[in-house]
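In: Starting from these lines, generate the structure:
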Amino acid sequence: MATTTSDVLRTTLLFQGMTDRSIDAIDRLARPVSFQAGETLVREGDVGDSFIIVLSGSASVDRAGTAIRSLGAGDFLGEISLLDGGPRTATVTADSAIYGLLIDREGFERLMNEFPVMRLDIVAALTHRLRAHAPAVTD
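Out: Numbers count the residues shown, from 1 in each chain. As a prediction, the model looks like this:
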């Protein structure tokens, strides 16, 4: 069972397969964050200045008031705004108490530069989300 932040990061899909050195670097850049049930993690249209990894709890994602998906342990959010510099694309609300890790814009950019494999993993996750929520999109 995962007991430290590094242990939890190792079980997160985005970071699976990374070296201990990489996991330690991510752990050093991240700060703990928590949200109570009903609290907003990010709001659609706001400036995106952070990346959040959900370690425990659950949250709902909606766009323009329409439910899109749910998040749970191991999921992450906030990468789109950090990648393209645009506003948040959805609102995320805690369904239960959330404990996670927050990496600010500077830390996120550092991760992308130091660990290029993360870029590919994030693009793969975004592609998966796009295909799942926009079935009309074709190659």
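In: Setting aside sequence neighbours, what's the nearest residue to Ala97?
Out: Gly57 (5.3 Å; CB to CB, 6 or more residues apart in numbering). To be clear about C-beta, it is placed using only N, CA and C from the backbone, and glycine gets the same treatment.
In: cool, and Gly107?
Out: Leu29 (3.9 Å).
In: what sits against Ala73?
Out: 54-57 (CB atoms under 8 Å, 6 or more residues apart in numbering).
In: Could you find the lowest-pLDDT member of those?
Out: Lowest in pLDDT among the contacts of Ala73 is Leu55, which has 88.
In: need the next SSE after the helix or strand where that one lies, C-terminal direction.
Out: Per DSSP states H and E, Leu55 falls inside strand 50-56. Proceeding N to C from strand 50-56, the next assigned helix or strand is strand 59-63, under DSSP H and E.
In: Walk me through which strands that next one pairs with, and which way each runs.
Out: strand 66-71 (antiparallel), strand 91-94 (antiparallel) (DSSP bridges).
In: After the first one, which helix or strand is next?
Out: Taking DSSP H and E as the definition, the helix or strand that follows strand 66-71 towards the C-terminus is strand 76-77.
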